[in-house]
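Q: For reference, the sequence and a predicted model appear below.
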Amino acid sequence: MTDRVSEALALWGLQEADCVFVAGRENQVYRITTPAARYALRIKRPGYRDEVELRSELDWLNAMDRAGLSVPAPLPSRSGRLLERAGEGFADVVTWLPGTPLGKSRIPLELPDRPGTFRALGAEIARLHLACDAWQVPPGFRRCHWDFDGLLGDAPVWGRFWENPTLDDQTRAIFHAFRAVARQRLSAAAPEFGLIHADLVRENVLLDGPVVRMIDFDDGGYGFRQFDLATVLLKTLGEPDYPALKDALLAGYLARKSLDLGLIDLFIALRAATYVGWIVPRMQEPGGADRNTRFIDEARVLCSACLRDHNAFPVSADLT
């Protein structure tokens with residue numbers, strides 16, 4: 001156990017608890033077990049989110065917990081604060097939620113009721129969006145923006161995907177053309193916008209019997225509502241019954257909340273493109289080169305399909 005982890009545990013009076021490392025990327029996450037409960041200690045990566053953003057996430061989680069959603073609820077430290085300094089960065093503690101992840105990336109789903117699970121997940125995403133709309137955001141609240149600029153502007157949240165240094169000329173031309181078409185279509189449509197989770201990959205959805213839980217709001221912020229659904233669908237494209245799962249997810253959402261889904265396939269391509277930017281500073285991590293190739297290949301296929309649908313082919317290398 002590192003000094004930083006020991007320091008954080010002491011701030012919450014958990015220094016005698018069992019502490020096991022479980023995950024690490026943007027946060028170093030530890031499962032904390034006491035005789036009474038289990039928690040997640042999250043040691044923040046310095047520089048990824050500033051203090052205001054981190055406090056805002058915890059305020060948001062508190063509000064969603066009070067609204068009845070099954071999300072991690074922050075635990076105050078011994079001093080009553082939700083966020084504490086630990087070493088060079090920050091730490092927080094949230095409740096450890098029971099359940100089994102929806103699945104693992106690139107591994108076929110194993111679900112007894114596949115459409116039923118996706119219908120329930122769609123409904124829970126709608127509940128989240130409705131609860132966010134009903135919440136009065138406190139003064140000073142700040143989270144990242146997955147908006148027009150955050151996806152397609154000069155400085156997207158996860159980087160300029162069209163400038164990934166490993167792109168060949170043809171793929172770079174496709175991404176430039178896609179960016180131009182996506183900007184045009186989003187400007188014309190003005191899709192519904194609000195607080196979103198923004199990272200509903202399989203590992204961030206827990207199934208506990210009929211209950212669907214959502215964890216890891218680290219990338220959550222303001223964004224287009226279709227983006228949450230698109231993240232789920234992007235990670236489901238390889239399933240043999242993808243059309244049925246897509247229909248079930250969207251039907252579950254629409255049973256709870258109305259939403260214009262006319263751009264859902266565009267948002268799936270946009271979600272894929274974000275990973276092409278996200279991977280750039282992570283290429284030297286173990287497996288980074290393989291992930292980079294996979295992300296580019298997937299995004300190229302999806303972006304090309306959007307361009308064909310928009311009659312934007314052939315593309316030329318000088319499109320910006």
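A: Great, that's in hand.

Q: Helices of this structure, residue ranges please.
A: Ranges of helices within the chain are 3-11, 51-66, 114-134, 148-152, 169-189, 225-234, 242-256, 264-278, 288-309, based on DSSP state H.

Q: any chance of the ones you listed in a markdown table, plus distance to Thr100, mean pLDDT and mean neighbour count?
A: All C-beta spots, glycine's among them, are computed from the backbone N, C-alpha and C. Compiled in a markdown table, these are given as follows (distance: least, Cβ to Cβ, whole Å; pLDDT from 0 to 100; neighbours: other Cβ atoms under 10 Å):
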| stretch | distance to Thr100 | mean pLDDT | mean neighbour count |
| --- | --- | --- | --- |
| helix 3-11 | 26 | 91 | 18 |
| helix 51-66 | 21 | 97 | 18 |
| helix 114-134 | 11 | 98 | 20 |
| helix 148-152 | 31 | 97 | 19 |
| helix 169-189 | 35 | 96 | 18 |
| helix 225-234 | 17 | 98 | 25 |
| helix 242-256 | 18 | 98 | 18 |
| helix 264-278 | 24 | 98 | 23 |
| helix 288-309 | 24 | 96 | 17 |
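
Q: Quick one, which of these gets closest to Val94.
A: Across these, Val94 has its closest neighbour in helix 51-66 (6.8 Å, Cβ to Cβ).

Q: So which residue is smack in the middle of this protein?
A: Centroid-nearest residue in the chain, with Cα atoms, centre = their mean: Asp199, separated by 1.0 Å.

Q: Now tabulate the helices of the chain in a markdown table and tack on distance to Val22.
A: Output for the helices of the chain, formatted as a markdown table (distance: least, Cβ to Cβ, whole Å):
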| stretch | distance to Val22 |
| --- | --- |
| helix 3-11 | 12 |
| helix 51-66 | 19 |
| helix 114-134 | 23 |
| helix 148-152 | 29 |
| helix 169-189 | 35 |
| helix 225-234 | 22 |
| helix 242-256 | 27 |
| helix 264-278 | 22 |
| helix 288-309 | 21 |
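
Q: With respect to Thr33, which of these lies nearest?
A: Nearest to Thr33 among the helices of the chain is helix 3-11; the distance by Cβ to Cβ comes to 11.9 Å.

Q: Output the closest one as PDB - backbone C-alpha positions only.
A: Taking Å, rounded to 0.1, in the frame of the first residue of the first chain, the C-alpha atoms of helix 3-11 are listed here in PDB:
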ATOM      1  CA  ASP A   3       1.800   6.300   1.400                       C
ATOM      2  CA  ARG A   4      -0.800   8.200  -0.600                       C
ATOM      3  CA  VAL A   5      -3.400   5.400  -0.100                       C
ATOM      4  CA  SER A   6      -2.600   5.100   3.600                       C
ATOM      5  CA  GLU A   7      -3.000   8.900   3.900                       C
ATOM      6  CA  ALA A   8      -6.400   8.800   2.200                       C
ATOM      7  CA  LEU A   9      -7.700   5.900   4.200                       C
ATOM      8  CA  ALA A  10      -6.800   7.800   7.400                       C
ATOM      9  CA  LEU A  11      -8.700  10.800   6.300                       C
END
